[in-house]
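In: Return a 3D structure for these sequence lines:
(one chain, ligands or ions: 2)
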Amino acid sequence: MSMIEFHDVNKYFGKFHALKNINLTVDRGEVVTIIGPSGSGKSTLLRCINGLERITSGQLIVNDFDLADKKTDMNRIRKNVGMVFQHFNLYANKNVLQNVTLGPDLVLKRNKQEVEQEAHDLLKMVGLENKADSFPGELSGGQQQRVAIARSLAMKPKAILFDEPTSALDPEMIGDVLDVMQKIAEQGMTMVVVTHEMGFARHVGNRIVFMDDGQILVDSANVDQFFDDPQEPRAKEFLSKII
Ligand code: ADP
Ligand code: MG
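Out: Ligands and ions are numbered 1, 2, ... in the order given. Have a look, this model is predicted:
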């Protein structure tokens with residue numbers, strides 16, 4: 001049933017304790033939003049889920065694989081778990097279509113024609129069907145981020161992690177990206193989203209997680225109540241600063 005399970009997970013960078021006794025379960029099809037101050041460990045938590053960082057202790061299960069087990073194939077985890085970053089990291093010298101088809105072509109070694117057809121469908125889904133031949137430099141930030149999302153979906157991931165996907169965008173670009181993310185959520189994708197977009201957290205997220213100082217201080221399915229009447233003192237203080 002669950003897609004991601006943290007059991008008493010700790011992560012150290014040298015002596016620095018970046019994740020402290022994390023317990024978190026994300027069910028299949030669930031959208032969990034993570035908020036919290038800068039430096040609280042949000043990116044580190046996401047990076048552990050797709051194996052970009054190794055946990056120091058505890059147990060982390062992703063798609064039924066134990067990430068602490070040395071025998072687990074991290075490449076397989078990364079194929080199953082997509083990641084969308086603040087900076088989209090598209091290939092500047094490849095056009096939009098090539099950016100979307102590259103992973104399935106090279107990594108999944110799938111049929112080229114079939115992959116291209118799917119890429120066109122994905123570009124349509126993110127509202128960029130007429131930009132297939134454009135290069136990233138010719139697109140706005142919001143359009144590039146939507147290409148990055150299509151590229152992630154092209155790998156047919158079991159879950160997608162979003163690390164502040166709209167933080168680098170001009171305000172007028174943010175809505176289009178959030179709309180695409182909402183569409184993907186409605187199609188049943190398992191998503192973990194680190195964001196400052198409280199509207200998205202409130203209206204699309206099924207659960208809200210508040211992190212501070214490497215710890216999860218709030219994990220609540222009562223998202224409206226969290227925003228309307230936060231009980232946890234540090235969450236209350238954080239919300240008072242950003243809303
Ligand atoms: P957030 O995403 O919430 O802003 P991060 O997960 O990026 O926080 O970072 C949490 C803490 O871990 C920060 O103090 C950061 O400096 C530290 N940290 C993150 N990555 C590394 C690393 N590779 N080496 C050392 N410290 C790191
Ligand atoms: Mg971060």
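
In: for the chain, what's the longest helix?
Out: helix 171-186 (DSSP state H).

In: contacts for that one?
Out: 31, 125-127, 140-143, 145-146, 149, 153, 160, 162, 165-166, 169, 191, 193, 197, 199-200, 203-204 (CB atoms under 8 Å, 6 or more residues apart in numbering). Just so you know, the C-beta spots here come from the backbone N, C-alpha and C atoms, and that holds for glycine as well.

In: where's the residue lying farthest from the centre of the chain, which helix or strand?
Out: Distance from the centre of the chain peaks at residue 113, with 28.2 Å (CA atoms, centre = their mean). Using DSSP states H and E, the element containing residue 113 is helix 112-125.

In: contacts for the very next helix or strand once past that helix?
Out: Using DSSP H and E, the helix or strand that follows helix 112-125 towards the C-terminus is helix 141-154. Surrounding helix 141-154, the residues in contact under the criterion CB under 8 Å, 6+ apart are 82-85, 88-90, 96, 99-104, 115, 118-119, 122-123, 125-128, 131, 136, 139, 160, 165-166, 168-170, 172-174, 176-177, 180-181, 184.

In: picking up where we left off before, distance-wise, check the residue farthest from the centre of the chain relative to residue 126.
Out: Distance, residue 113 to residue 126, by CB to CB, to the nearest Å: 21 Å.

In: where does the protein come near ligand 2, residue by residue?
Out: Counting by CB under 5 Å from the ion, the residues of the chain close to ligand 2 are 42-43.

In: in the protein, what residue is nearest ligand 2?
Out: residue 43 (3.2 Å; CB to the ion).

In: Could you list the buried residues of stretch 195-209?
Out: Neighbour-count burial for stretch 195-209 flags 195, 197-198, 200-201, 204-205, 207-209 (criterion: 16 or more other CB atoms under 10 Å).

In: Repeat that for stretch 111-121.
Out: 115-116, 118-120.

In: Contacts for that stretch next, please.
Out: Outside stretch 111-121, the residues that reach it (CB under 8 Å, 6+ apart) are 97, 100-101, 104-105, 129, 132, 150, 154.

In: same thing but at 10 Å, please
Out: Outside stretch 111-121, the residues that touch it by CB atoms under 10 Å, 6 or more residues apart in numbering are 96-105, 108-110, 129, 132, 150-151, 153-154, 156.

In: quick check, distance from that stretch to the centre of its chain.
Out: Remark: stretch 111-121 is offset 24 Å from the chain centroid, using CA atoms, centre = their mean, to the nearest Å.
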